[in-house]
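[1] Whatever this is, show me its structure:
(one chain, ligands or ions: 1)
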Amino acid sequence: MKTIGVVDTTFARFNMGRAAVDEIQQNISVKIKRITVPGVKDLPVASKKLIEEDGCDIVIALGMPGAKEQDKICAHEASTGIIQAQLMTNTHIIEVFVHEDEAKDERELAYLMEMRSREHALNVVNMLFHPEKLVKQAGTGQRQGFEDVGAVRH
Ligand SMILES: Cc1nc2c(=O)[nH]c(=O)nc-2n(C[C@H](O)[C@H](O)[C@H](O)CO)c1C
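    Here you go, the predicted model:
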């Protein structure tokens, strides 16, 4: 049986891991291994451990970079680490970051964090079980959280 790893953070202001797990369970019967780490910079090694020690076939790594300059630096470092962990393990780690300043207020932030977590969780399910569904969506301007932008008219 395939296993999906879910890792999120305590720094985030919304329970992104819970939304991702709920979305996965609504769509497929699969083993899920969930862990939570303090912040985004802890996601790379946590994801790598989920793959190497817990046998996860794919990981969704969720976090919320804050609005300050040092948070954005942290987020960039975390992203670099996540890419490195993917290359080291030859396994996808789908990074789901919602920057705190993407939303105009707390209500929109909560909405965005829930929807992006859910929509990427569905991407993870499709990547693992139905890759042909993603091929059908190629070039269609999908966005996770806010509205899809659609393909260019030509
Ligand atoms: C400055 C900073 N900003 C963020 C952030 O915006 N989002 C986040 O999830 N975590 C942040 N952290 C914490 C680090 O990612 C990490 O948890 C600590 O440095 C401990 O390794 C730090 C230290």
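[2] What number of residues are in the vicinity of Val59?
    By other CB atoms under 10 Å, 30 other residues sit near Val59. C-beta here means a position set from N, CA and C on the backbone, and glycine is covered the same way.
[3] wait, what's in contact with the residue nearest to it when sequence neighbours are not counted?
    Distances taken as CB to CB, 6 or more residues apart in numbering put Gly5 closest to Val59, at 3.8 Å, once the chain neighbours are dropped. Taking CB atoms under 8 Å, 6 or more residues apart in numbering as the criterion, Gly5 is in contact with 32-35, 47, 50-51, 54, 56, 58-60.
[4] Distance of the closest residue to the ligand within the chain relative to Gly63?
    Residue nearest to the ligand within the chain: Gly39 (2.5 Å; CB to the nearest ligand atom). Separation of Gly39 from Gly63 (CB to CB, to the nearest Å) stands at 7 Å.
[5] which neighbours do the two share?
    9, 11, 78.
[6] ok, the first one touching Ile35?
    By that I understand Thr9. No. With contact defined as CB atoms under 8 Å, Thr9 does not reach Ile35; the gap is 10.3 Å.
[7] Give me the more crowded residue out of these two.
    Thr9 (23 against 16).
[8] Quick check: which element contains Asp22?
    Assessed by DSSP states H and E, Asp22 sits inside helix 16-27.
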